Structure formats: structure tokens, C-alpha cells
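A.B. asks: got a sequence here, can you model it:
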Amino acid sequence: MANPRHEKFFRIEMDSSSSHKAIVIGAGISGLTTAVYLQRSGIQTLILEKAAGPGGVSTSWKRKGYTFEGGVHWLIGAKEGIPLHQVWLETGALQESHPVHFKDPIYTLVDREGIMPLFRDLHGLELKGLRDRMALWSLRFHLACFRHFHQPINDLRGLRVKYPKPFSVGEYVKMLPAVLVTPFLMAQSARGYAKRFKNNRIRALLAAVVEPNVNALSLIYTLGTFHEGDSGYPKGGSLRLAQNMADSFLGLGGEIRYQTMAEGILPDGKGWAVRTDGEVLQSDVVVVSADARSAIDTLFREPLQDGWAKKMRSGLRTTQCMFLGVGVEADLSSRPRSMQIVLHSPLKAAGRTYETVVVNNYATEDGYAPEGCSVITCLLHGPTYAYWKAAKDDGSYEAKKKEVMDGFLEAMGKVIPEIRDAVVVTNMATPLTYERYCGTFEGSYMTDWPPFSRLYHAPIRYRKGLYFTGQRTAYSGGLPPAAQSGRTTAQTVCKDFGVEFVSH
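C.D. replies: Take a look at the predicted model:
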């Protein structure tokens, strides 16, 4: 017997004015972006999401009255006037009721010598002689090259668009300086770029911005967004951002089914079908917004063997982390918002050693903790999936998680003594946690982009009616590529089916 919920969905389809219907697999940022634009353009859309809420990897959660931010640390496109900002408005991600805070300094180094801030305009750095002055001049030069650089938001050729965004030659000319220095930046790591400075404290600060092993382009691009007054933190963080998008989609007449796993995709007559919960849902369009690396092996009768899929299997390098969250009965509002902490003694965790950690302090965020209390979080980066998988298999998983958290608390107590004996709740996520809740390959939340790596792109259109979208489909990841990918995917669908694209 058919599930009544499924009958309701297709009854809505038949009663609506839409002649096409779509299923989006995954309610992450890219899936929500795709779904909002499809729904607004008149294609009745259903989202299937395995988790209990929207956001995918970009999410937060509560424990004992404390909110742990697990996704957004800054949002590129938060500043008005940037093309990506319009996408966040069109999808409903940004709302006037949830203003954006543009923190400055962006990071503060905390070590035995005291503190040193990294401001958006780079003032306050302690220089050591001519070498550091030359390194700072070079850094400012590269930031100037990226002053007008942004992710272009244009329309596909041949697409009918209600509110067109015309191609601007002048826009691309302004970005030419960034294009010219890109090969130089991509040929070195962020760590190598930071070594231009003799001052080890400046090196440590720059290591807080992006992972030191990624290419220097990622470092300069990210610093550039801060330098130009972008990259703020929206009130309510990642979960509020995702919920705003989900609410916008639902307000347009779309449907989301949470805790619903897509088990497979198969051709069905002139369209496609998704198998889930023992049933088969038919559709004209299926958009895979789940982790593409996992999807190519699990969502089809046979793993995909196209050239791009083979390249993804062999060339993908994942960015993994361990998430640590701590709620304390202590007011940490006098402490910096984002700290790069040089530990008094190295922290050993999951077979790795950390001499510095980035800690985010949410004491000034309303509603993140009871009055007079605070939340701090930390991401320990590194390829630890195999370590935790082995721990799960041999039964030592929980004990090893406790060992890591205990070590972290001991290290933090030496630097932030207010938290000693004040811990109320702790929460830790490993790559296995990300894998379980989000279905990401190796429990990763982004794709690594090391020096000398060539960009690769999974096809948006795999077959007519079957599409891939999301940050995994192109280097390197994060919210901007996810949103841009979602918009482009929606436009591709509209173009293929002769539907006018409506953005707002």
C-alpha cells in the first residue's frame, strides 16, 4: 500500500500549475539553494533529507541549554553590494531579523607573550626588520589584487530569465589582477606563504585563517574578503541560516521530508525515480545534492565509471576534523571572539599532535548559553577517519573520545583558567559523526585543495533529468561554492526543460 504522504505530494503535483516536478536529495546549502530557485521557477520540488533538520554539514545543535556552532564561522557574501549577497537574499538565507556581525579583529593570537590581534586591515602586526616589512608589503599587494575579485553570478546562455543578470566585461576586467597572480599563489602552500614573515607570531596568526596545507590562493582570497569588509557572522549562525532557506522554500509551496533516506536512483520511463523507505518516487528531475563522492558509489545500481567519477575517486583529498564543544558556567565575554592559542604543552589527539588550536568563543552571542555562561568550540583538523574507524571496530571509540576531550580541557585550563571546574557540558564529533549524520565521504566537511592541484568539475548535468550539485562537485568547498553550484544547477534544469528561471 502506498504511503499517504507520497500520494499527497503527487496530488499536489497534479493539482498545481507546474508541468514538471523535481526531487532534490539533501537539504544542505546547495540543495536548499537549488530547491528554492526551482520552486520559484514553477517546478514543484520535493527535498529528501536523511537528518532531522536542514543545513547538512552547515549546522549547529543544542546540549543542556548550550548551542554548539558546527558550521558557519564567517559568511562570504554577507556584505551588501557583492553579487553573492543577492543570492543569499533570494534564497532567504539572510533576513533583517538576523543581522550580520563583522568581527574585528578576525583572530587574536594568545601565547605566553600575551595577545596579538589580526585586524581586517592588518594593522597591529609586530614586524621584525626589513624582511617582515617586505612580507607585509607583498601581502598587501596580493590583497589589493583581490580587491574586486568575487564569484561571478551570471546567467546561462540561452536560458529564459525573468530577472536577468547580464554579463559584464568590466566586472571581469576588474578581476584581472587576481587572475594574473593566481598561478603564483596556487604553486605554494599557505604555510609556505606565511614563512615570508620572520615573526613566528604572525605565522601562527595566518595559520588560523585557513588550513596551512592548502594553497596560498585560499589564504589570500579569504583574507581579502575580510580586508574588503565582507565575511560576517549572521545572528543565529549556520542553523538559522539553513532554517531561513528551508522556510523560504516551504513558503513557496515546496515540501521537505526529513529523516528520509534516498536509497537509490534509477531511470523510470521518460524521467527518473528515487527509491526510499521501500517505495519509489517518480520525477522528471532528480538533483543529487548529497556528497557526490559517496553518491557515485552508493546511489546507483552500479558505481559510476565515467572519467570524472574515476578522477574523483583517485584525486579527491578530504578535509577532516574533530569538533570539540564545551559549555561552561563562566562569563568569557572579555576573551577574544576567535583565538589562535599556542598551547603550553602539545595536545595529543587521535594519533596527531597539536601545538596550536583555534578556539571560537560565543560568549557574546545571544542565546548560545544561559546568562553568565559561555560556549567555546574548536576544530582539530587532520586525516583521522581511519583512526576513529579502527577505534569503533575495536570498541575503544568512546574511551578515546573522552581521552581527547580530557586533554583539551586540561590544555584550555592553562590558558583560560576561568573554565577550570566550570564545565557543564561537553560534546565531541569525529569524522565518523559527520559520516553518520551527513553521509559525507570519510566524514569530511570539505575537499582539500593543496598546492599544484588542478581544478576538476563533476558534471552538473549527468543525463537530462539527472543532475549533481554541491560543494563536492568542484574545489574546494564552503558555503559560496555550494550556493553558486545550487543556482547554476537550477538554471541548467530550467534550460533543459524550457522553463523560465525566476530568481526573486
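
A.B. asks: tell me the contacts of D268?
C.D. replies: V280, Q282 (C-beta atoms under 8 Å, 6 or more residues apart in numbering). All C-beta spots, glycine's among them, are computed from the backbone N, C-alpha and C.

A.B. asks: tell me how far it lies from I23.
C.D. replies: Taken as C-beta to C-beta, to the nearest Å, the spacing of D268 relative to I23 amounts to 11 Å.

A.B. asks: what's the answer for S58, then?
C.D. replies: In terms of C-beta to C-beta, S58 sits 21 Å off from I23.

A.B. asks: touching, Q95 and L241? I think so.
C.D. replies: No - counting by C-beta atoms under 8 Å, Q95 does not reach L241; the two are 9.3 Å apart.

A.B. asks: comparing those two, which shows the higher neighbour count?
C.D. replies: Neighbour count, other C-beta atoms under 10 Å: between Q95 and L241, L241 has more, with 30 against 17.

A.B. asks: what does the pLDDT read for the more buried one?
C.D. replies: L241 is assigned 96 on the pLDDT scale.

A.B. asks: what about it, is that helix, strand or coil?
C.D. replies: When classified by DSSP: H, G, I helix; E, B strand; the rest coil, L241 comes out as helix.

A.B. asks: name the nearest residue to it, ignoring sequence neighbours.
C.D. replies: A93 (5.1 Å; C-beta to C-beta, 6 or more residues apart in numbering).

A.B. asks: so the one you found, which state does it fall into?
C.D. replies: Criterion first, three-state DSSP; result for A93: coil.

A.B. asks: phi and psi next, for it.
C.D. replies: phi -60, psi -40 (degrees, to the nearest 10).

A.B. asks: would you mind measuring from it to N244?
C.D. replies: 5 Å.

A.B. asks: okay, the two: which has more neighbours?
C.D. replies: A93 (27 against 22).

A.B. asks: count of residues packed around the spatially closest residue to G224 that is not a sequence neighbour?
C.D. replies: The shortest distance from G224 to any non-neighbouring residue, by C-beta to C-beta, 6+ apart, is to F146 (3.7 Å). For F146, the count of nearby residues is 23 (other C-beta under 10 Å).

A.B. asks: which pLDDT value belongs to F146?
C.D. replies: 95.

A.B. asks: cool, and R11?
C.D. replies: 28.

A.B. asks: could you do G170 as well?
C.D. replies: In this model, G170 is scored at 86, pLDDT.

A.B. asks: that one sits in which helix or strand?
C.D. replies: Per DSSP states H and E: G170 is located in helix 169-174.

A.B. asks: before we move on, what about M405?
C.D. replies: Going by DSSP H and E, M405 is part of helix 397-415.

A.B. asks: which residues are contacting stretch 138-157?
C.D. replies: Stretch 138-157 is contacted from outside by 82-84, 86-87, 122, 161, 164-167, 171-172, 174-175, 177-178, 180-181, 185, 196, 220-221, 223-224, 227-228, 480-481, 484, 487-488, 491-492, 495, 501, using C-beta under 8 Å, 6+ apart.

A.B. asks: between the two ends of that stretch, how far is it?
C.D. replies: By C-alpha to C-alpha, to the nearest Å, the extent of stretch 138-157 from end to end equals 39 Å.

A.B. asks: how about the nearest residue to P105, chain neighbours excluded?
C.D. replies: Counting by C-beta to C-beta, 6+ apart, the residue nearest P105 is P117, at 3.6 Å.

A.B. asks: give me the average confidence score over stretch 285-297.
C.D. replies: Averaging pLDDT along stretch 285-297 gives 95.

A.B. asks: mind listing what's buried in it?
C.D. replies: Of all the residues in stretch 285-297, those buried under the rule 16 or more other C-beta atoms under 10 Å are V285, V286, V287, V288, S289, A290, D291, A292, R293, S294, A295, I296.

A.B. asks: could I get these as JSON lines with distance to V209 and secondary structure?
C.D. replies: As requested, the buried residues of stretch 285-297 are arranged in JSON lines below (distance: C-beta to C-beta, whole Å; DSSP: H, G, I helix; E, B strand; the rest coil):
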{"residue": "V285", "distance to V209": "39", "secondary structure": "strand"}
{"residue": "V286", "distance to V209": "38", "secondary structure": "strand"}
{"residue": "V287", "distance to V209": "33", "secondary structure": "strand"}
{"residue": "V288", "distance to V209": "32", "secondary structure": "strand"}
{"residue": "S289", "distance to V209": "28", "secondary structure": "coil"}
{"residue": "A290", "distance to V209": "29", "secondary structure": "coil"}
{"residue": "D291", "distance to V209": "25", "secondary structure": "coil"}
{"residue": "A292", "distance to V209": "27", "secondary structure": "helix"}
{"residue": "R293", "distance to V209": "26", "secondary structure": "helix"}
{"residue": "S294", "distance to V209": "29", "secondary structure": "helix"}
{"residue": "A295", "distance to V209": "31", "secondary structure": "helix"}
{"residue": "I296", "distance to V209": "32", "secondary structure": "helix"}
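
A.B. asks: what is the nearest of those to L130?
C.D. replies: L130 lies nearest to R293 out of the buried residues of stretch 285-297, by C-beta to C-beta, at 46.5 Å.

A.B. asks: the closest one contacts L316, correct?
C.D. replies: Yes - counting by C-beta under 8 Å, R293 does reach L316; the two are 5.6 Å apart.

A.B. asks: for F197, give me phi and psi.
C.D. replies: With angles defined as degrees, to the nearest 10, F197 sits at phi -90, psi 130.

A.B. asks: from A144, how far out is it?
C.D. replies: From F197 over to A144 (counting by C-beta to C-beta), the distance is 18 Å.

A.B. asks: quick one: which of the two has more around it?
C.D. replies: Neighbours per residue (other C-beta under 10 Å) separate F197 from A144, with F197 holding more: 24 against 14.

A.B. asks: residues contacting that one?
C.D. replies: Per C-beta under 8 Å, 6+ apart, neighbours of F197: K128, R131, D132, A135, L136, R203, L206.

A.B. asks: now list the buried members of those residues.
C.D. replies: Among the contacts of F197, those scoring as buried are D132, A135, L136, R203, L206 (criterion: 16+ other C-beta under 10 Å).

A.B. asks: what is the nearest of the residues you listed to T353?
C.D. replies: Closest to T353 out of the buried ones among the contacts of F197 is R203 (17.7 Å), distances taken as C-beta to C-beta.

A.B. asks: name the SS class of that closest one, please.
C.D. replies: Taken by three-state DSSP, the conformation at R203 corresponds to helix.

A.B. asks: got a pLDDT number for it?
C.D. replies: 96.

A.B. asks: can you show me the strands along the stretch 201-350 of the chain?
C.D. replies: 233-234, 255-257, 262-268, 271-276, 279-283, 285-288, 318-319, 321-328, 338-349 (DSSP state E, counting those that start in this stretch).
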